[in-house]
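Chemist: build me a model from this:
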Amino acid sequence: MRRATKIVATLGPASSTPEQLAALVAAGIDVARFNFSHGTADDHRKRADALRAAAHAAGRTVGIMADLQGPKIRIGKFAETKIPITAGQSFILDAACKLGDRERVGLDYPELVNDVVAGDVLLLDDGRTVFDVERVAGTEIHCRNRHDGELSNNKGINKQGGGLSAPALTPKDMEDIKTAASLHVDYVAVSFPKSGADMRQAKQLLMEAGSDALVIAKIERVEAVANLEDILIHTDGIMVARGDLAVEVGDAAVPALQKRMIRLAREHNRFAVTATQMMESMISSPVPTRAEVSDVANAVLDGTDAVMLSAETASGQYPVAAVEAMVRVCVEAEKSHEVTVDTHFLDQIFTRIDQSIAMAALFAASHLRVKAIATLTESGSTTLWMSRLNSGVPIYALTPRIRTRYRVSIYRDVYPLLTEYVATDRDELLWQAEQILIEAGAVVKGDLIVLTIGEPIGEAGGTNTMKIVKIGEHRRPTT
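Modeler: Numbering: from 1, shown residues only. All right, here's what the predicted structure looks like:
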């Protein structure tokens, strides 16, 4: 069963034993997310080893994403763990308070007093509690509560409309980048970036740590939406992180923003992951709600590369069922996804030979109705470009580089296959490619495929040849 949209699953207490990981891999995960907000470096290392063993045993390619914690702007703790609050009640957020009571609570981020003024609106606990700021005095932010409810330890704080000055990369994140590099992760997700500069800094820190992991900008701040074009220039992919984003911009604005972000990512040759509460009811239910099914399907129809599960697989009661449900929804949604590849050629200008070859391969595949596109790739760039347009034809990335094999695992409609690439003779290499595709079950004798290759063989960024091949007609060269 071919599925174009990839599935990212967060690992945690419910999904870290060898048996649980084997079941998740068998269910169809393509990328495992390691949430660096929780766990130690040793925890992550053990989990990475176990995941790779499970994927190897199943013969599947499963990438690893390290998701950095980022700045956590939270209230402190209460003496009573949680307190009731009433509509109209005055309440103080006090950077000097050590242990909260029914009148005030401390701040893990004392700089908040410098970021707010009278008239600002603060949203706590993902917007369940709304505070109107009345005045700021020294270490105290005097607020008035809007709704009845309760407030408990360490709830997060967002400022409606954005404007918090906390840096995207904290000292903890900088250490975690070193850990991620030592684990040889494939992607690093940066939380709360505000501009392209934040992504440049993350890339620089990764490079200094000896990692070539792709970086993902999590779009969850108002400032990130305003600077989206700048961020896209300096990142490899984006995550539509709808939780904090909805709190800052308002939940009603998120669906349109999601569509815009996915479209812009594709136009900039970047990949997109759609995340947060996609099947949240499955934390405690074996089946998703109809609304969740529609949400996942709409993300697929928007053109997202991947959809992500968070607590559903990290701590939920039905992690494997959540993956299986997401697989079913993606497959069904893709059946109705309109193929519109030809319309994208009308206003495209290509300045690189390898990109032009990629687009030519898509055009030929679309018109000849070939069974598959095969890219013999070193870096994965040609594969990425091909996957940005919806051709309806599966793209097989044949690469001798293990790192490339895992990096392309998140691209929509791309299926990585590891090759030996021992041949330097072009005809021998093409024959090898045919055999790998046949062995993988991608094609059979008589199928038509489009194949791209670069010469000299083995050099990254050198795709310069497209060939239309009928499987079985190409004989192995004699030596």
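
Chemist: so which strand or helix has the nearest residue to residue 255 once chain neighbours are set aside?
Modeler: Nearest-residue entry for residue 255: residue 298, 7.8 Å, with adjacent residues in sequence omitted and distances by C-beta to C-beta, 6 or more residues apart in numbering. For the C-beta atoms, the positions are set from N, CA and C on the backbone; glycine is no exception. Taking DSSP states H and E as the criterion, the element that holds residue 298 is helix 290-302.

Chemist: for that helix, which outside residues touch it?
Modeler: Helix 290-302 is contacted from outside by 5, 255, 258-259, 262-263, 274, 278-282, 288, 307, 325-326, 329-330, 332-334, 336-337, using C-beta atoms under 8 Å, 6 or more residues apart in numbering.

Chemist: now, those residues that are in helices?
Modeler: If you go by DSSP state H, the contacts of helix 290-302 have 255, 258-259, 262-263, 325-326, 329-330, 332-334 in helices.

Chemist: those, buried ones only, as a PyMOL selection?
Modeler: Selecting only the buried entries of the ones in helices among the contacts of helix 290-302 in PyMOL, with 16 or more other C-beta atoms under 10 Å as the criterion:
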select buried, resi 258+259+262+325+326+329+330+333+334
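
Chemist: which two of the ones in helices among the contacts of helix 290-302 have the greatest separation?
Modeler: Greatest spatial distance among the ones in helices among the contacts of helix 290-302 (C-beta to C-beta): 263 and 325, at 26.3 Å.

Chemist: contact partners for the closest residue to residue 18 other than its chain neighbours?
Modeler: Nearest residue to residue 18, sequence neighbours excluded (C-beta to C-beta, 6+ apart): residue 50, at 5.5 Å. Contacts here follow C-beta under 8 Å, 6+ apart; on that basis residue 50 touches 16-18, 21.

Chemist: hang on, residue 110 is in a helix, isn't it?
Modeler: No - read with DSSP: H, G, I helix; E, B strand; the rest coil, residue 110 is coil and lies in no helix.

Chemist: hang on, the earlier thing: in ChimeraX, select just the buried ones from the contacts of residue 50.
Modeler: Selection of buried members from the contacts of residue 50 for ChimeraX, criterion 16+ other C-beta under 10 Å:
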select :16,21
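
Chemist: what comes up buried for the helix holding residue 298?
Modeler: 292-293, 295-297, 299-302.

Chemist: can you list the residues you listed in TSV and add pLDDT and distance to residue 213?
Modeler: Below are those laid out as TSV (pLDDT from 0 to 100; distance: C-beta to C-beta, whole Å):
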residue	pLDDT	distance to residue 213
292	97	30
293	98	32
295	97	29
296	98	26
297	97	30
299	97	24
300	96	26
301	94	29
302	94	26
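
Chemist: quick one: which of those is nearest residue 233?
Modeler: residue 302 (21.6 Å).

Chemist: separation between the closest one and residue 8?
Modeler: 16 Å (C-beta to C-beta, to the nearest Å).

Chemist: also residue 241?
Modeler: As judged by C-beta to C-beta, residue 241 and residue 8 stand 12 Å apart.

Chemist: tell me which of those two has more neighbours.
Modeler: residue 8 (27 against 24; other C-beta atoms under 10 Å).

Chemist: surely that one meets residue 310?
Modeler: No - using C-beta atoms under 8 Å, residue 8 is not in contact with residue 310; the gap is 9.2 Å.

Chemist: geometric centre of the protein: which residue is closest?
Modeler: Most central in the chain under C-alpha atoms, centre = their mean is residue 273, positioned 3.8 Å from the mean C-alpha point.

Chemist: circling back: tell me the mean pLDDT for the helix or strand containing the residue nearest to residue 18?
Modeler: Here residue 50, judged by DSSP H and E, is contained in helix 41-58. For helix 41-58, mean pLDDT is 97.

Chemist: just to revisit the earlier point, hang on, the residue nearest to the centre of the chain packs against residue 240?
Modeler: Yes - between residue 273 and residue 240 a contact is recorded at 7.0 Å, counting by C-beta under 8 Å.

Chemist: intersection of neighbour lists for those two?
Modeler: residue 304.

Chemist: grab the nearest non-local neighbour of residue 282.
Modeler: residue 322 (4.4 Å).

Chemist: list the buried residues in the helix or strand of the chain with the lowest mean pLDDT.
Modeler: Every helix and strand of the chain was ranked by mean pLDDT, DSSP states H and E. The lowest is helix 353-368, at a mean of 83. For helix 353-368, a neighbour-count test (16+ other C-beta under 10 Å) marks 354-359, 361-366 as buried.
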